[in-house]
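> show me how the following folds:
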Amino acid sequence: MGSFDRHDDTRRRVLLATLTLPATSWAREDGTDFWPLARAGGNVFLMRHASTEPGIGDPPNFTLGNCATQRNLSERGRREAKLVGERFASEKVQLTLVRSSAWCRCVDTAQLAFGNAKPQVWSALNSFFQGQGDGNAQGNEVLQAAAALRAPDNWMLVTHQVNITQLTGVYPAMGEILLTRPVSGTAPSLRVLARWTP
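Numbering: from 1, shown residues only. Predicted coordinates for the structure are as follows:
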């Protein structure tokens, strides 16, 4: 068997192995395919809030409407959020809708990055960490809404790790954005196609 045949056989085996992997494994983490897909439209961007002050969750007895009682963005996080907005603008990615969790670290991320789009608070994106909400109901609300999305529209949803992991199976870094597209069917879902971190 010649060298061409060996290479061809290797390509076939790699392709067959890849076809058996879950949808999220198709997403490249180096960001090279992120921007062309983003400009094409029809995307639901899931962004985890930018970097925060150290900690997990929120302090005891935090109040949702009072940012002083919550874990908030660090200076690094504020820079990250601004960089995200600048990059989306320079790549000419249009957003028709920006929604955010009601937590201050998410609202601030959305405002700093996409303030011109007038981000809206959406309770379906609120954290349900440690039993603070109903993850199944919230996730279903997001999926049902996203099922109606069509290109060239793009949505940006700024939320929390627990929400993104529940929707996609991916554990994102702070500030990371997953580019997903709705998959129709009896059980709507979001397929992760690309990832980018500022």
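> okay, CA-based contacts and neighbour counts for the rest of this
Will do.
> which residues sit against stretch 113-124?
For stretch 113-124, the surrounding residues in contact (Cα atoms under 8 Å, 6 or more residues apart in numbering) are 81-86, 95-102, 107, 110-111, 138-139, 141-142.
> in this protein, which spans are strands?
Here the chain has its strands, by DSSP state E, at 43-48, 97-100, 120-121, 154-159, 177-183, 189-196.
> show me the contacts for the residue nearest the centre of the chain.
Central residue of the chain (Cα atoms, centre = their mean): residue 46, 1.8 Å from the mean position. Residues near residue 46 by Cα under 8 Å, 6+ apart: 156-159, 164, 177-180.
> lowest-scoring secondary structure element of this protein by mean pLDDT?
Lowest mean confidence among the helices and strands of the chain (mean pLDDT, DSSP states H and E): helix 3-19, at a mean of 38.
> wait, residue 172 touches residue 164, no?
Yes - here residue 172 reaches residue 164: they are 7.4 Å apart, a contact under Cα atoms under 8 Å.
> okay, and the common contacts of these two?
Joint contacts of residue 172 and residue 164 (Cα under 8 Å, 6+ apart) are residue 48.
> could I get the full set of helices for this structure?
Along the chain, counting by DSSP state H, helices occupy 3-19, 34-40, 75-90, 104-114, 135-146, 161-168.
> ok, which of those comes nearest residue 62?
Residue 62 lies closest, by Cα to Cα, to one member of these: helix 104-114, at 11.4 Å.
> and the closest one with strand 154-159, angle?
If you take axes from the mean of the first three to the mean of the last three Cα atoms, to 10 degrees, helix 104-114 sits at 150 degrees to strand 154-159.
> okay, helix 104-114 in PDB with CA atoms only?
The C-alpha trace of helix 104-114 is given here as PDB (Å, rounded to 0.1, in the frame of the first residue of the first chain):
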ATOM      1  CA  CYS A 104     -24.700  42.900  39.000                       C
ATOM      2  CA  ARG A 105     -21.600  41.200  37.600                       C
ATOM      3  CA  CYS A 106     -23.700  40.100  34.500                       C
ATOM      4  CA  VAL A 107     -25.500  43.400  34.100                       C
ATOM      5  CA  ASP A 108     -22.200  45.300  34.400                       C
ATOM      6  CA  THR A 109     -20.500  43.000  31.800                       C
ATOM      7  CA  ALA A 110     -23.400  43.500  29.400                       C
ATOM      8  CA  GLN A 111     -23.400  47.300  29.900                       C
ATOM      9  CA  LEU A 112     -19.600  47.700  29.500                       C
ATOM     10  CA  ALA A 113     -19.400  45.400  26.400                       C
ATOM     11  CA  PHE A 114     -22.700  46.100  24.700                       C
END
